[in-house]
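1. Curious how this folds, go ahead:
(3 chains)
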Amino acid sequence: MSKISRRDLLQYIGAGGVGTGAGYLFAEAIKRPVEFLIPPVVPPEDYSPGVATWYNTVCNQCSAGCGISVRTREGRAKKIEGNPAHPVNQGRLCARGQAGLNALYNPDRIRAPLKRVGERGDGAFETISWDEALTQVAGRLGRLKIEDRADRVQLLTGGIRGHLGELFEQFITLLGSDRYAQYDFTYPANLRLANRLSFGIEHLPYYDIANCDFLLSFGADYLGTWLSPVHFSLGYGQLRQGREQRGRCIQIEPRMSLSGANADEWIAAVPGSEGVLALGIARILVADGTYTGSDRDAWQRALEPYSGDRVAAATGVALERVQQLAAEFGSSKASLAIGGGAAAAGTNAVASLVAVNALNHLAGNLGQPGGIIFNSAPVFGSATRHAGLTQMTELAASMQDGAIEVLLLHDTNPIYAMPDAAGFADAMAAVPTIVAMSSFMDETTAMADLILPTDTYLEAWGDDAPEPGVGLPVASISQPVVARVYDTRSVGDIVLSLARRIGFELPVALPWANTKEFIKDAWKKLYTELDPQADAADFEEFWLAALQAGVWGRVEATGGPGDAPAPSTIPDIDAAAATFAGDTAEFPFILHPYLSATLFDGRGANLPWLQELPDQMTSVVYGSWIELNPATAGELGIRDGDLIEVESPAGSIRAPAYLFPAIEPGVVAMPFGQGHTAYGRYAQNRGVNPVQLVALQSDQQSGELAWAGTRVKLRNTGERARVVRNDGISRTLGRQILHPEENHA
Amino acid sequence: MSISVSEALRPARKPALIGVVAVVGIFVGVWINDTYFSDRTPVQPIEFSHRVHASDNEIPCQYCHIYASRSPSAGVPSVAKCMGCHTAVADARERPEVLKLAGYWDRQEPIPWVKVHDVPDFVHFTHKRHVLAGVQCQECHGPVQDMDRITRIAPMTMPWCVDCHTEREVENGRDCWTCHK
Amino acid sequence: MRSEVDMSNVLDKLREYSKPGYYDEFDYHWTMTIDLDRCTGCEACVVACQAENNLPIVGEERYAEAREIKWIRIERYWEGEFPDVKLNFIPMLCQHCDEAPCETACPVFATYHNQDGLNTQIYNRCIGTRTCAVYCPYEVRYFNWFTYTWDEPLEQQLNPDVSVREKGVMEKCTFCIQRIRMAKDNAKDDGRRRVRDGEVVPACVQSCPTEAMSFGDSNDPDSKVSQVMNSPRGYKVLEELNTVPSVIYLKKVHDDV
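-> Residues are numbered from 1 along each chain as shown, chains lettered A, B, ... in the order given. Sure, this is the predicted structure:
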């Protein structure tokens, strides 16, 4: 037996020790990280871990007013789907509506009240407490009221409907001011005015696409952005395959929209000539005896100037095609003409829309299934304080003159959505105090002195009566689907607590503790009207039922043939020619801006799902582009992806060229939505904003900004720019993708 | 004096022995970690005893884990649920661990229990289906009613799951998409 | 087997051999129909899928490198030239082929056909060879070149019923397996062995504003999807490859006057 030397022993011990250590560490390394099970202190009602709870509320991504059901798990919102019980969207929902979760959980939300510390617009803010913020605002407003100068307070919001709009209205009136304006770029003011002129009814009627046999759309992108896209898409599905006879769709617009792509025929008419085309068709309807009304002669005289040749020359649509359209429009069992988009945003927009309305009257579509069905007025809270370009320019002048001391902002972004030439940003600089109630640091909010962060619509109480309605009275309730993510408050709560702090008669007239109480109280008053048959035993039962369903409405339809008013505009019928800012020789192209079906008017630009959603027509993501006809591009020596300088009389921007096969040669098109200088990481400094090109022109009758009335010129900068898109070679190249039998033949 | 074989191999023997000792050391290291520092029996924020509750006081499992038969997650009782009993059970009120519980309640703070039984995030496991199929809690969780501090008995690995599915002839029990999500 | 399409004898023979060999017959045969005459290309389904299935936000740079992940996308096909130009849309997603080329490709069986006629993808088994993506003629398999993250607090939206994938893993449409599983679960709760028609609604089908899509079990002759797929307009994309897709498209009607 040999002895082990001390030296060897130490070596063995060392090896054993290192091995043991290594083994220990190995075992440690393969352990899973420690996780915790943290149950709530007190479980909320409806709480069941692992099981989804759904809450019904109202979508706020556009003004269609779709009902939504939000799936929540463990108190977090997971998915937004359409509310199947809601008559507007019947369980369906568009891309923008579903991306609302990105607003709720947006990393760039304003998380606490902010006070400006640097120069205005520097973006330097410090966090303050709610108490301090509210005290400051209430103090300022209260002092003005004491000094009897409260009329120098201006409230400017987005197109708020429902009782919240009425709360704002009451608040500003009680304060002693009459200055309340709503600026919403997409508000259909021209259509409302045209409907008032044609039918004497301003609120939007129901356009019954589902039952229509022949749909003639003058620029209205009803599948993408027009009024109530989800409802109209449901109708479109019905029109195509939901019934015995497949309906036909014709789209008239200079640049193919999503609706144009789905139409059976896409007709590129000269921009601004839509009214002339409508009246050209109307003349044929009267002349060929389709219209048999007693005032036929008067119509015939009024429409005399719209002879076939003149219409063909003015619109660029061949005479036979106009005649075909007229024949089909007149002979279809149910035909319907609608107008929107750029056709409703020129200098002659109202006149064009009145002409489209006349077409419906002459073909006997009013009050008919598949035509225009008149709604009763919304159950409550229409947006009545809409401000067009005229009012906004006046407001800018008042601010410039020092007539406004406090500007209260909520959910509107005029600095982004108005041309620079309107001078709104400069005018804001002259206002001593600007208070913004916002969820996001958009361009306008960034100019504020004091920012009160608001809940998103998924965290707040509210209500809505959708417009256009669906032929029956509908009202829906907004309720919080999750607890607040940050230290924010709902805008209703802010107004109510300001009222309490200001004092005087305000707390008496606005006594509610919070928005929920206010909404509930408002519904209590409506209760008898909404529930005339008294299905519910008492108000509480009615309220709970409405809250659970997310919607309450009477089922019997209103409106019918008897309710169809006759157009009162026969003598005035005149499709005035559109005027375009900019000399034809210097600015050879007409700019056709359009609402993006993903980012809409730019409010969706801070939602990453929408930024990353390919544009439906071009497949472009994350940027701006300018569409031009390949032939035009060829003449100008412009290749796909060349950086183009687009100049109008009002301004100039640069965007990459996109050779778009479906646009008139004399027209270039750009989507709204990008080009934010603020609005969070996903939107900021991305692309360009075509509003900056729009010259200050308005519709002759309504005073609305004519955003489709500007000419531009193009210059190839010689630089290349990246357009991120995924369409590749977008031709089938004979592959069996769309029409299998054609390849077998 | 003879020449020993071991003497002859001496130069090669030493490195080999060192290697053997090191390898044994690795196993010892793993064993030490597994026995004395295992995550199977983590220390909890409160020394809650299942033996006292489930055995001594015969409280059924689903009295506290109320979601087990109706949700993927069995659920750990809320602080309010614990306090519901403990305000009533007078003789336990002054015990140090119960005082800890009361402390959480007073601070309105949730208790950060350490997870003992866990499956990876790419696995869909539902308590409901297993409970309703008549699987006893103890079949996976071990004799919980005899444990003071909860310890993981089953490996909670895929072979262990699949063996049981195979043995019980679970419908589509071996299809990947029955459990993987 | 499924829709009767006039094919040559060779294809008929091939189709006979293409019966799901491993299974005597499918338990369910989950099938989707997409009516291109209703589809408007609005992309509601794309966002629905993104929300439901935890698809990453890859960012502009990655998107420019064609590394976006969209389990369902809308493909655009132009026809003709101005002014007689048309744009056709077709939603493209995993076709859950009964003779899936991708299944033959995977060296580790991370993708295989299951008893419900689904083409599966098992993330933790996938080793990222990307062979399946090369074999797929529909190009609907997406590879995670990176571990994508969500800017806080966007991660609070993530669906807990669906795995969040990491770098190195292939992924694709699952026909919302979590919803199928949920429907089966609910059926068991009601004491039924079978799921009723209409109980499984994948996220894309649910969202569709024109009701262009339907989903169901084509083994059940009374299901809605069985009725719809027998339409004379029905066809399968790249049918000549004999992949036997489980997504049946209904051709767009062109009735130019």
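
2. Please list the outside residues in contact with stretch A:244-251.
-> A:212-217, A:236, A:239-240, A:257, A:259-260, A:262-267, A:325, A:328, A:332, C:37, C:253, C:255, C:257 (CB atoms under 8 Å, 6 or more residues apart in numbering or on different chains). For every residue, glycine as well, the C-beta is placed using N, CA and C.

3. so what's residue 227 up against?
-> As the question left the chain open, I've gone with chain A. Taking CB under 8 Å, 6+ apart, one finds A:64, A:188, A:204, A:207, A:220, A:340, A:468 in contact with residue A:227.

4. hmm, 10 Å instead?
-> By CB atoms under 10 Å, 6 or more residues apart in numbering or on different chains, the contact set of residue A:227 is A:62-64, A:186, A:188, A:191, A:204, A:207, A:220-221, A:338, A:340, A:467-468.

5. Kindly confirm my reading that it is in a helix.
-> No - counting by DSSP: H, G, I helix; E, B strand; the rest coil, residue A:227 is not found in a helix; it is coil.

6. How about residue A:468: what's its closest non-neighbour residue?
-> residue A:204 (3.7 Å; CB to CB, 6 or more residues apart in numbering or on different chains).

7. Neighbours of that neighbour, how many?
-> 21 (other CB atoms under 10 Å in any protein chain shown).

8. list the contacts for it?
-> Residue A:204 neighbours (CB under 10 Å, 6+ apart): A:188, A:191-192, A:195, A:227-228, A:372, A:374-375, A:378, A:382, A:466-469.

9. ok, residue 119 - how many residues close by?
-> Looking at chain A here, since you left the chain open. Neighbours of residue A:119 using other CB under 10 Å come to 8.

10. Actually, chain C is the one I wanted.
-> Counted with other CB under 10 Å, residue C:119 comes out at 26.

11. my guess is it meets residue C:174, correct?
-> Yes - contact criterion CB atoms under 10 Å: residue C:119 and residue C:174 qualify, at 8.7 Å.

12. which non-adjacent residue is nearest the residue minimising distance to the centre of chain B?
-> With distances taken as CA atoms, centre = their mean, residue B:152 lies nearest the centre of chain B, 2.4 Å away. Excluding the flanking residues, the one nearest residue B:152 by CB to CB, 6+ apart is residue B:40, at 4.2 Å.

13. gap between the one you found and residue A:35?
-> To residue A:35, residue B:40 is 14 Å away according to CB to CB, to the nearest Å.

14. Those two - which one has more neighbours?
-> Counted by other CB under 10 Å, residue B:40 and residue A:35 do not tie: residue B:40 has more neighbours, with 15 against 12.

15. By residue count, what's the longest helix in chain C?
-> Longest helix in chain C by number of residues, with DSSP state H as the criterion: helix C:177-189.

16. Counting neighbours, which bits of that one end up buried?
-> Within helix C:177-189, the residues that count as buried by 16 or more other CB atoms under 10 Å in any protein chain shown are C:177, C:178, C:179, C:180, C:181, C:182, C:183, C:184, C:187, C:188.

17. what does stretch A:407-423 give?
-> For stretch A:407-423, using 16+ other CB under 10 Å, the buried residues are A:407-420, A:422-423.

18. pLDDT (mean, whole number) over it?
-> The average pLDDT within stretch A:407-423 is 95.

19. how about the CA coordinates for that stretch, as PDB?
-> Output of stretch A:407-423 as PDB, limited to C-alpha atoms (Å, rounded to 0.1, in the frame of the first residue of the first chain):
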ATOM      1  CA  LEU A 407     -57.400  77.900 -24.800                       C
ATOM      2  CA  LEU A 408     -58.700  74.500 -23.600                       C
ATOM      3  CA  LEU A 409     -57.900  71.700 -25.900                       C
ATOM      4  CA  HIS A 410     -59.100  68.100 -26.000                       C
ATOM      5  CA  ASP A 411     -58.700  65.400 -28.700                       C
ATOM      6  CA  THR A 412     -58.000  67.700 -31.600                       C
ATOM      7  CA  ASN A 413     -54.800  68.400 -33.500                       C
ATOM      8  CA  PRO A 414     -55.300  71.500 -35.700                       C
ATOM      9  CA  ILE A 415     -51.600  72.200 -35.900                       C
ATOM     10  CA  TYR A 416     -51.200  69.000 -37.800                       C
ATOM     11  CA  ALA A 417     -54.500  68.800 -39.600                       C
ATOM     12  CA  MET A 418     -54.700  72.400 -40.900                       C
ATOM     13  CA  PRO A 419     -52.500  74.000 -43.500                       C
ATOM     14  CA  ASP A 420     -49.700  76.100 -42.100                       C
ATOM     15  CA  ALA A 421     -51.000  79.000 -44.100                       C
ATOM     16  CA  ALA A 422     -54.100  79.100 -41.800                       C
ATOM     17  CA  GLY A 423     -51.700  80.500 -39.200                       C
END
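
20. Close to chain B: what parts of the stretch 151-257 of chain C are there?
-> By CB under 10 Å from any CB of the partner chain, the residues of the stretch 151-257 of chain C that approach chain B are C:159-166, C:169, C:174, C:177-178, C:180-182, C:184-185, C:188-189, C:193.

21. what about 7 Å?
-> C:161, C:162, C:163, C:177, C:178, C:181, C:185 (CB under 7 Å from any CB of the partner chain).

22. give the contact list for the first one.
-> Counting by CB atoms under 7 Å, 6 or more residues apart in numbering or on different chains, residue C:161 makes contact with B:124, B:181, C:178.

23. same deal with the last one?
-> Taking CB under 7 Å, 6+ apart, we find residue C:185 in contact with residue B:129.
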